[in-house]
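Trainee: task: produce atomic coordinates for the following.
(2 chains)
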Amino acid sequence: MRWKLGMNLLEVLRGRFYQALLGWAPDPLTASALVKPATDSKFGDYQANAAMSLGKSMGKPPRQVAEELLARLQWDDILEKPEIAGPGFINLKFRNDYLEGLLSQAANDDRIGIAKVANPRRIVIDFSGPNVAKPMHVGHLRSTILGESLARLHRFLGHLVITDNHLGDWGTQFGILLYGYRNKLDAENLKKNPVAELARLYVEVRKEFKTGSDEEGGDKSDPVQDACRLETVKLHQGDEENLALWNRFMPFCLEEIDAVYRRLDVHFDHILGESHYQPMLATVVEDLLSLGIARESQGAVGVFITEEGAPALIRKSDGAFTYTTTDLATIDYRIREFNPTEILYVVDSRQHLHFHNLFETAKRWGRTGTESGPRLVHVPFGSVLGADRKPIKTRDGKAVANLDQLLDEAVRLAGEIFDANRAEDAELFNRSLVAETVGIGAVKYADLSQNRTTDYVFSWEKMLAMDGNTAAYMQYAYARCQSILRKAGVSPEALDTKAPISLATPEERALAIQILRMEEILLAGASELRPNIITGYLWDLAKAYSGFFQNCPVIKAPPALLPSRLLLCHLVARSLKLGLDLLGIQVIERM
RNA sequence: GCACCCGUAGCUCAGGGGAUAGAGCACCGGUUUCCUAAACCGGGGGUCGUAGGUUCAAAUCCUACCGGGUGCACCA
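Mentor: Model (predicted):
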């Protein structure tokens, strides 16, 4: 083979420019990093922007720098003749035979030509973290979906990923359950359907709270809330009966959240909730006190991140520990147990300050910031808003956005769309499978296609649309690829992957570039921790496929082009499927 | 009061040093003897919150201000 393995077009070009710059220009690495995707396809595939800045540092006109640089660049085996444009842009366009060779390699590679990273890291990802005994709602959705996607992405790239669900299984919400058990229990129902009965108890008790929004904090003169708090305190103090109830209820609580995870196709390596760290908390506080990192103040113990600001409390004046204490113990435990290079916390951006304080304390504690300690990263995300631009959350004490109901609604709507569009030939399709896959996919994709850091407005209409950057559009593009292969009478196994690929039209060429960009995109998505980079890519890929679909007949292609076009369809299908899989979204063969 | 995030087309949002700033929706106009019309093509529409600064080059980086959101000891 003429070209070495290496499908990453961007890296190939940067490598070539690095060689050309070496020994000639200052800082070849920085300058070669100025090779970027073309801002407009009319300029070519990629562009090198180094000449402008080098012109300054080398004291020559940028266009002259560009010409001298091109004279040093080895290009003719992979590129058409590069062109200098404007103030000194170097426009780069790959040779078709080079792209065709790479596509052939991809077609015969079970990773579509995408390499594993050279230096795998050990990455703990902490996400989802719902409170047990309390119905999951949309607030948990983003963390769960984002975390799962980041885990899949890093794993695919070859990193060792350890996912850990830091359950809230020791907090006030359990006190609510204990109070409910003592005052509102339907014993018969508990026998028959414990999961549902516990869920019911939580909702029943919550109704009697005076405060509307959150169960914690707020009104101190609320008798029911006080009683629940008391149950929690008893549990924490080791009350035998409450502890026994905790042990008895936990499996049912876990079963309830597990049902949601099964439906969302979300998986964890570990589920180590707050309760797991209880035995370690006293030691953490003593340790920090004796090291002078924490000190007593107003009866509590806190770490003063700044002298003026509020401290991060690690023990309250009543002796109870806080979530900062638990999180510190968790960091310590994860370092000992998993020895990670980094720990990612996929948590609401509103907790930014908490993580800032937590990471700073861990650093003072000597757990990070040294050569061996892990990098601690808060991966923040914005809130999910309703049509009124206010966060969707419990209102009037009622959960308006229960997660399971939300998924049901998505599936129901996807089914309606199916019925509207498949009235005539519905029997050819598996309606319930299509509705479930499209509905769940829509919810996930809507979340992931948004830039993580911004709030986003939840909209059924937008997420289930067939036009635009949605899951359904990608799933549909996939189904159409598969449909063509079926109609051509070739099963994926029978496909001749060795057949030469030829890029006969501009549409095929544009599609080829998109297929071959995937590794570059996945690496960018991983390094920025942003799945929306992947959804943006899938949208570009699907649009390129659409252009191909319009202009390049496959089944009725000239015989010389048929095998090549079938392979392109197959490559697109595999790329879409892989991309969606890394987002935690499934495909269907017919929709 | 302090801190963090955000302000880009009518709406929802991409883009976060490089060429005339993009997409979807909405609006206007077109396309089907053709592999799923759940499709495609074209058009109008933007002082990128404001003002300075850095740079060969700023929506992008820095500073100030304006507007919005969020968080700031005993909830997690």
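
Trainee: which residue is the nearest non-sequential neighbour of A:G584?
Mentor: In space, A:G584 comes closest to A:E148 once its chain neighbours are excluded; the distance is 4.7 Å by C-beta to C-beta, 6 or more residues apart in numbering. Just so you know, the C-beta spots here come from the backbone N, C-alpha and C atoms, and that holds for glycine as well.

Trainee: what's the local residue count around A:R375?
Mentor: Burial measure for A:R375: 14 neighbouring residues, criterion other C-beta atoms under 10 Å.

Trainee: pLDDT value on the closest residue to it other than its chain neighbours, please?
Mentor: Nearest residue to A:R375, sequence neighbours excluded (C-beta to C-beta, 6+ apart): A:E342, at 4.1 Å. Listed pLDDT for A:E342 reads 96.

Trainee: where does the stretch 301-450 of chain A get nearest to RNA strand B, residue-wise?
Mentor: Across the stretch 301-450 of chain A, the shortest distance to RNA strand B (C-beta to the nearest atom of the strand) belongs to A:K316, at 2.8 Å.

Trainee: that residue: what's it in contact with?
Mentor: A:300, A:322 (C-beta atoms under 8 Å, 6 or more residues apart in numbering).

Trainee: show residues contacting the longest helix along chain A.
Mentor: Longest helix in chain A, counting residues (DSSP state H): helix A:240-264. Applying C-beta under 8 Å, 6+ apart, the external contacts of helix A:240-264 come out as A:128, A:130, A:132-133, A:136, A:144-145, A:148, A:167, A:169, A:174, A:177-178, A:181, A:194-195, A:198-199, A:231, A:234-235, A:267-268, A:271, A:275, A:403-404, A:407, A:440, A:444, A:584.

Trainee: now with 6 Å?
Mentor: Outside helix A:240-264, the residues within contact range by C-beta atoms under 6 Å, 6 or more residues apart in numbering are A:130, A:132-133, A:136, A:178, A:194-195, A:198, A:234-235, A:403.

Trainee: any idea which of these is least confident?
Mentor: Comparing the contacts of helix A:240-264 by pLDDT, A:A133 comes last, at 83.

Trainee: am I right that it is in contact with A:L177?
Mentor: Yes. Shown here, A:A133 and A:L177 form a contact pair, counting by C-beta atoms under 6 Å, at 4.5 Å.

Trainee: neighbours of A:R248, just the number please.
Mentor: The number of residues packed near A:R248 is 11, by other C-beta under 10 Å.

Trainee: correction: the previous question concerned A:S317.
Mentor: A:S317 - counted by other C-beta under 10 Å - has 12 other residues nearby.

Trainee: the host helix or strand of A:L344 close to RNA strand B?
Mentor: Here A:L344 sits within strand A:342-348, counting by DSSP states H and E. No. Counting by C-beta under 7 Å from any atom of the strand, RNA strand B has no neighbours in strand A:342-348; the shortest distance is 8.1 Å.

Trainee: what's that strand in contact with?
Mentor: Strand A:342-348 is contacted from outside by A:123-127, A:143, A:146-147, A:374-379, using C-beta under 6 Å, 6+ apart.

Trainee: tell me the domain ranges of chain A?
Mentor: Structural domains assigned to chain A are A:9-94, A:168-259, following automatic domain parsing.

Trainee: out of those, flag the one nearest A:A420.
Mentor: domain A:168-259 (29.8 Å; C-beta to C-beta).

Trainee: quick one on the thing from earlier: and the longest helix of chain A, what's buried?
Mentor: Buried residues in helix A:240-264, defined by neighbour count with 16 or more other C-beta atoms under 10 Å: A:242, A:245-246, A:249-250, A:252-254, A:256-257, A:260-261, A:264.
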